[in-house]
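Peer 1: Would you be able to build a 3D model of this:
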Amino acid sequence: MATTDAPRLVLATAGLWLGWSLLVGTLANRLPLAWLCDPADLTGGGRRTPTPHSYERWLAIRRWKPWIPDAGNALPGGIRKASLARRDPAALQRLIGETRRAELVHWSLWPAWLLSALWLPPAGVALNLLFATAFNLPCLLLQRYTRRRLQRTLVRFADHPRRQRSADRAG
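Peer 2: Modelled structure (predicted):
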């Protein structure tokens, strides 16, 4: 690779990430919420799903979670997750669906690094793999952690209907 090609390669790679992010985000925002819901969400997930405590203990997720931005409303049709933070089952179910949407976005963004192999040398491809992992893996973990916490809250509401009535009065 000639040094005169470097700016063009950097621009092509930045264009890849920007274009792919916009495309994936726009398409994800158009998915109906019903497509993102899973009956397991109402039961709190399966046995193999790590508990929120596992995420807190082994990944120290509470320590770095505030550093992850909420880009849910970055594109038209999106929604900030914080705007759904209410303690009623309908809002919690919607928020669970939005965590699935965000997870789908990050899983779809991650493999874009493979396309950089079309024009970058191996070191550049490796750098893109590191970039993709560093920017998507924390978001994926955070979505799963949040969804698991929300599922547990929904189960508690189902087990203790009085909590639901007090949440209705507070809201």
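
Peer 1: what about the nearest residue to R100 once chain neighbours are set aside, neighbour count?
Peer 2: Taking CB to CB, 6 or more residues apart in numbering, and ignoring the residues beside it in sequence, R100 has L36 as its nearest neighbour in space, at 4.2 Å. C-beta: built from backbone N, CA, C; applies to glycine. For L36, the neighbour count with other CB atoms under 10 Å is 19.

Peer 1: Looks like L36 contacts V105 (just checking).
Peer 2: No: the pair L36 and V105 does not pass the contact test of CB atoms under 8 Å, sitting 11.1 Å apart.

Peer 1: shaky segments in this structure?
Peer 2: Low-confidence segments of the chain, defined by pLDDT under 70, are located at 1-3, 39-48, 81, 83-85, 161-171.

Peer 1: re earlier: can you pull the contacts of the residue nearest to R100?
Peer 2: Residues counted as contacts of L36 (CB atoms under 8 Å, 6 or more residues apart in numbering) are 97-98, 100-101, 104.

Peer 1: List the ones among those residues that fall in helices.
Peer 2: In helices, defined here by DSSP state H, the members of the contacts of L36 are 97-98, 100-101, 104.

Peer 1: Return the entry from those with the maximum number of neighbours.
Peer 2: Comparing the ones in helices among the contacts of L36 on neighbour count, E98 comes out first with 24 neighbours (neighbours: other CB under 10 Å).

Peer 1: My guess is it contacts G72. True?
Peer 2: Yes: because the distance of 6.6 Å satisfies CB under 8 Å, E98 is recorded as touching G72.

Peer 1: Return the residues in contact with L22.
Peer 2: Contacts for L22 (CB under 8 Å, 6+ apart) come out as L75.

Peer 1: in this protein, which spans are helices?
Peer 2: With DSSP H as the definition, the chain shows helices at residue ranges 6-29, 33-36, 52-59, 61-64, 89-109, 122-159, 161-170.

Peer 1: In a markdown table: these, plus distance to S116.
Peer 2: Shown next, in a markdown table, are those (distance: least, CB to CB, whole Å):
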| stretch | distance to S116 |
| --- | --- |
| helix 6-29 | 6 |
| helix 33-36 | 29 |
| helix 52-59 | 28 |
| helix 61-64 | 27 |
| helix 89-109 | 13 |
| helix 122-159 | 4 |
| helix 161-170 | 48 |
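
Peer 1: Relative to R80, which of the ones you listed is closest?
Peer 2: For the helices of the chain, proximity to R80 was assessed by CB to CB; helix 89-109 is nearest, at 9.3 Å.

Peer 1: which secondary structure elements does that closest one contact?
Peer 2: helix 6-29, helix 33-36, helix 122-159 (3 or more CB pairs under 8 Å, 6 or more residues apart in numbering; DSSP states H and E).
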